[in-house]
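*Asks:* coords below, sequence missing:
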Ligand code: HEC
């Protein structure tokens, strides 16, 4: 039975429920994986980040920009979406179009990208 509030009262209840569940959804999307996904939360050695910066400037910057913000032929690599991507998927995306990278160099480039993503997210 619909009470004295009728459909209007029901609508209010539904609106309230929707408003209440929105933060819960955000929590599910971000809270369980951390703000940047598993990969972004790993602490990288400073030396790897520095090596990665040099390698990125050499192999990636001409398309993705020196800071990975894109706009020079390639997309931005410092978006929240890419930050949320696990390391394995990020590596795959890189491997998909840049083949001549050793595993250690790929580690370094991922370390640099994670640092850039962390900085951009904190801006
Ligand atoms: C010749 C230009 C070029 C170079 C050099 C290049 N990229 Fe890309 N990259 C692109 C383009 C264009 C795309 C978008 C491809 C697509 O959307 O299918 C892309 C996509 C990506 C993506 C996936 C982005 C997304 O939103 O899914 C990553 C990660 C990436 N590049 C990293 C790198 C890294 C790291 C290097 C250096 C090792 C590099 N790229 C070198 C042009 C380049």
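*Replies:* Yes, it's here. None of these values were measured; they are calculated from a predicted model.

*Asks:* Contacts for stretch 43-55 next, please.
*Replies:* Stretch 43-55 is contacted by residues 105, 107, 108, 109, 110, 111, 112, 113, 114, 115 when judged by Cβ atoms under 8 Å, 6 or more residues apart in numbering. Quick note: C-beta positions are derived from backbone N, CA and C, even for glycine.

*Asks:* Work out for me the element the fourth one sits within.
*Replies:* Element membership for residue 109, per DSSP states H and E: helix 103-122.

*Asks:* can you tell me if that helix touches the ligand.
*Replies:* Yes: under the criterion of Cβ under 6 Å from any ligand atom, the ligand is reached by helix 103-122 at residue 109.

*Asks:* Flag every buried residue along that helix.
*Replies:* Of the residues in helix 103-122, those with enough neighbours to count as buried (16 or more other Cβ atoms under 10 Å) are 105-118, 120.

*Asks:* same question, stretch 50-68
*Replies:* 51, 52, 53, 55, 56, 59, 60, 61, 64, 65, 67, 68.

*Asks:* re the thing from before, just the closest of the buried residues of helix 103-122 to the ligand, please.
*Replies:* Top of the list for closeness to the ligand, among the buried residues of helix 103-122 and by Cβ to the nearest ligand atom, is residue 109 at 5.0 Å.

*Asks:* Mind pulling the model confidence for the closest one?
*Replies:* Per-residue confidence (pLDDT) for residue 109: 98.

*Asks:* Tell me which residues touch it, please.
*Replies:* Taking Cβ under 8 Å, 6+ apart as the criterion, residue 109 is in contact with 52, 55, 56, 59, 60, 94, 101.
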